[in-house]
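>>> okay, here's the prediction I keep looking at, along with the sequence it came from:
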Amino acid sequence: MKIALAGDHAGFSLKQFLAAELKKEGHEIVDLGAHDESASDYPDFARKIGKAVAAKEVERGILVCGSGVGACIAANKIKGIRAGVAHDTYSGHQGVEHDDMNVLCLGSRVIGVAPALEIARAFLAARFTNEERHIRRLKKILDIEQQQQ
């Protein structure tokens, strides 16, 4: 799968770890920065990853900041993005299966590298169920998004 990874200075180390591990597993990685641990702002990276996912340049995105929360808020401002914070594997896959989540947000100051990798794997392996109730709910989300434009 072609995946975009991005993160601010707080997420840099975890992003680097995930990129290396996911590449070993056969994923194509598009690294959108940060490229070092210099102070940076998570909205800049949320915009980059959101644009790449929304434009279908990549299939999914993984965005890392200190808590995952700020990056998630920023990413969800981009039309077509359904970002969610997940610090457990259930949320990582359920967000895709039920809500068609396309950007996973992780907090590098909240979880360690091993759980983050397991969550990323769950997120990437999951597929939207296409069950009627999930389609109905997703349509309502998309309607809200359209009304805000």
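Perfect, thanks for sending it.
>>> if I look at the residue lying farthest from the centre of the chain, what pLDDT would I see?
Farthest-out residue of the chain from its mean C-alpha position, per CA atoms, centre = their mean: residue 132, at 24.5 Å. At residue 132, the model reports a pLDDT of 97.
>>> tell me the contacts of it?
Neighbouring residues of residue 132 by CB atoms under 8 Å, 6 or more residues apart in numbering: there are none. For glycine as for every other residue, the C-beta is placed from the backbone atoms N, C-alpha and C.
>>> how much space between it and residue 97?
If you measure residue 132 against residue 97 using CB to CB, to the nearest Å, the figure is 14 Å.
>>> buried stuff in the helix or strand bottoming out on mean pLDDT in the chain?
One helix or strand of the chain scores below all others by mean pLDDT, DSSP states H and E: helix 132-147, with a mean of 94. For helix 132-147, the neighbour count (16 or more other CB atoms under 10 Å) marks residue 138 as buried.
>>> now swap in stretch 20-32 and tell me
Buried residues in stretch 20-32, defined by neighbour count with 16+ other CB under 10 Å: 21, 22, 27, 29, 30, 32.
>>> spit out the contact partners of the second one.
Going by CB under 8 Å, 6+ apart, residue 22 touches 3, 5, 29, 120, 124.
>>> quick check: bridge partners of the third one?
It stands for residue 29. Beta-bridge partners recorded for residue 29 (DSSP bridges): residue 3.
>>> now the strands for this structure?
All strands of the chain, identified by DSSP state E, fall at 2-7, 28-31, 60-65, 83-85, 103-107.
>>> correct me if wrong: residue 15 contacts residue 6.
Yes. Using CB atoms under 8 Å, residue 15 is in contact with residue 6, at 6.9 Å.
>>> can you list residues touching both of these two?
Counting by CB under 8 Å, 6+ apart, the contacts common to residue 15 and residue 6 are 31, 34, 62, 64.
>>> as CSV, those with pLDDT would be great.
Converted to CSV, the shared contacts of residue 15 and residue 6 look like this (pLDDT from 0 to 100):
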residue, pLDDT
31, 98
34, 97
62, 98
64, 98
